[in-house]
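1. Sequence isn't available, so here's the structure alone:
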DNA sequence: TAAATTGTGTCGGATAGCGAACAAAACATT
DNA sequence: AATGTTTTGTTCGCTATCCGACACAATTTA
C-alpha cells in the first residue's frame, strides 16, 4: 500500500523512503486508542484514511474533542516537541489505515532531518491553531453551529459524504448531551441538509450546511487548505505524485 | 536590564548572548497589540514581566482568550513553525516589559541553533497543550470555576497578588458577559477568596480559591511547572543563575 | 467644583442546554 | 419469529447564562 498520507507525500523521495522503511502499515479499527493522557506513547501514526479524535477528558468523565487528525497529518506530533506529558487522549473515530512508526525513530528523524522537521512543524502549527479556534468556538457558538462545523470538517478530512458516527459519540466530541445532539441534528435533517439513520450521517446539501455552521469552519478550512496547498506543492516539486510512493 | 525571561535564562550563555544582542528592551504598555490575526508580525517578544493575552475574535466581535504568555515563554512562537497566517490576536493584558526581537532574526536562530529551537519548541508544546485544555474547559466548566482558574493562572504568571484588570476585560477573556463576571466575582468576594475595586483584584486566600477553580487549573499548572522545572534545570546547568545574564 | 468617563451592581425576562426518565424504533443474533 | 442490544426520539422541569436596561459609585479631566 502506498503512503497516501499528505505529509509523507510532501517529503523528498529520500526522506519519505527513510520514514516508510521504518514504518508498518496497520489498520485503524474503530475506537482503537492511539495514545492515552499522561502516558508516553510508543508509536506515532501517519493516517492514510480514517480519522483520529484528540479529546480532553475531565475527572468527572465529561469529554470534548479539541481537534482531529486525518491523512493530512501525523498523530503524536506534539509528543516530539518536548518532555511534557500530554493531557489529551487520542482514539480512532472513523476507521481507516495508517503507517505506524516508533516514536523513537520519528523523534530521531525529526531531530536530524531539517526537511522532515519542517513538514512536521507545519502540521503542528495547523493543529495548534485549529485547537485555538475550537477553544473559542466551544465557548461562543451554539450546538447546532458546532455540529454543522464538525460534519463539514469530518467530510473534508475523509472525503466521504457518509460519516459513520452515532449521536452518542457526536455528543462526546461536541461536549454536549446526546439529547441535545438529537435535537439539533433533527433540525438539520428537517432542513434537508443531512440525513441520518443509526450511526450513518449523509451530507445532502453541503453548501447549505455551510451556512448553518459558524465561521470557525471557514477559518479552520483556511488553515487546512494552506497546509494542503503547501504539501501538494512540495509533493509536486518532489515528484511524489509522478513517481509513486515507494 | 537583565533578561529575566525564563526561556532566555535557560539558554547557554552563547545562545543567550546571541539573542539578547539582537533584541531591544521595550516596555509593554497596557493594551499594546503584539500581533494581529492574519498579519505577518515583524517582531516577537520575550516578556520579562507582565502578561500578554492570546485571543480569538469572531466576526460578530465576540472574543475568548485561548491562552496567555508571560515571562516563561515567547510571544510569536507559533509564527516560527510554518507559513500559515495565525488567526489569533495578541495584546498586553497586564503591563510589563520584554525583549523585542525581529521575527526574521528569531526564525534564523530557530533554524540554525538546535538549542534555541529545542527551548522554543518546549514552549510551543506547553502553549499548545494549554490551549487544548482551555478548549475543553470553555465547553465543560462554569463561569465561576473558569474565573477562579484565570485568576490563579495570572497570579502564577505575574507573581503578584494584585491583578490589574476590569470585569469588562475579564468577561472578554472568559467569553462571557460583563454582568456574569460581576455575579461570579461577587460570589468569590463574598466567600472571602478575593477582593476587588475598580480594576484591581486582590487574591486573599489562594488555597481556597484553588478549590473554587476547575481541575483544568491543576492540569495547566502541571504543564507550566514541568516547563519551568526544565528551564530552571537548564539554567542551572548553563550557569545562568550564577553568572548573570549578559 | 463640576462634568465627563469609567467601572460596578442589579433586576427581570428570555433561552439554550442540562438531567433524568421513558418510549420506540432499527438492527443483530439465534 | 423471538429476543436482546443499540440507537434515536420525546417530554418536562430546572439552572446557568444571556440580554437589555438602568442606576449608581469611583475616578479622572476640565
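-> Yes, it's here. Here the structure is a predicted model, which is why all the values come from computation and not from measurement. Residues are numbered from 1 along each chain as shown, chains lettered A, B, ... in the order given.
2. Now do the helices in chain A.
-> For chain A, the helices defined by DSSP state H occupy A:6-9, A:13-21, A:103-112, A:114-140, A:143-158, A:167-174, A:178-190, A:206-212, A:216-237, A:240-243.
3. can you put those helices in a markdown table and add mean neighbour count?
-> Quick note: C-beta positions are derived from backbone N, CA and C, even for glycine. Below are these laid out as a markdown table (neighbours: other C-beta atoms under 10 Å in any protein chain shown):
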| stretch | mean neighbour count |
| --- | --- |
| helix A:6-9 | 25 |
| helix A:13-21 | 17 |
| helix A:103-112 | 16 |
| helix A:114-140 | 24 |
| helix A:143-158 | 22 |
| helix A:167-174 | 21 |
| helix A:178-190 | 16 |
| helix A:206-212 | 15 |
| helix A:216-237 | 18 |
| helix A:240-243 | 13 |
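4. Next, the contact list for residue A:125, please.
-> The neighbours of residue A:125, taking C-beta atoms under 8 Å, 6 or more residues apart in numbering or on different chains as the test, are B:78, B:81-82, B:84.
5. Tell me which of the helices of chain A sits nearest to residue B:187.
-> helix A:114-140 (20.1 Å; C-beta to C-beta).
6. I'd like to know which of the contacts of residue A:125 is nearest to residue A:159.
-> Nearest member of the contacts of residue A:125 to residue A:159, counting by C-beta to C-beta, is residue B:84, at 21.6 Å.
7. In space, what's closest to the closest one - neighbours in sequence excluded?
-> residue A:226 (5.0 Å; C-beta to C-beta, 6 or more residues apart in numbering or on different chains).
8. And that neighbour, how far from residue A:132?
-> Going from residue A:226 to residue A:132 by C-beta to C-beta, to the nearest Å gives 15 Å.
9. and if you look at residue A:34?
-> 22 Å.
10. and chain A, which of its residues are near DNA strand C?
-> A:142-144, A:175-177, A:179-180, A:184, A:197-198 (C-beta under 7 Å from any atom of the strand).
11. Can you lay out those residues as a markdown table showing pLDDT and distance to DNA strand D?
-> Output for the residues of chain A next to DNA strand C, formatted as a markdown table (pLDDT from 0 to 100; distance: C-beta to the nearest atom of the strand, whole Å):
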| residue | pLDDT | distance to DNA strand D |
| --- | --- | --- |
| A:142 | 96 | 10 |
| A:143 | 97 | 13 |
| A:144 | 96 | 13 |
| A:175 | 97 | 14 |
| A:176 | 97 | 12 |
| A:177 | 96 | 9 |
| A:179 | 96 | 4 |
| A:180 | 96 | 9 |
| A:184 | 96 | 10 |
| A:197 | 89 | 6 |
| A:198 | 89 | 4 |
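12. State the pair within the residues you listed that is farthest apart.
-> Across the residues of chain A next to DNA strand C (C-beta to C-beta), the longest gap, 25.4 Å, separates A:142 and A:198.
13. Pick out whichever of those two has more residues nearby.
-> residue A:142 (11 against 7; other C-beta atoms under 10 Å in any protein chain shown).
14. residues in contact with that one?
-> Contacts of residue A:142 by C-beta under 8 Å, 6+ apart: none found.
15. got the phi/psi numbers for it?
-> phi -90, psi 160 (degrees, to the nearest 10).
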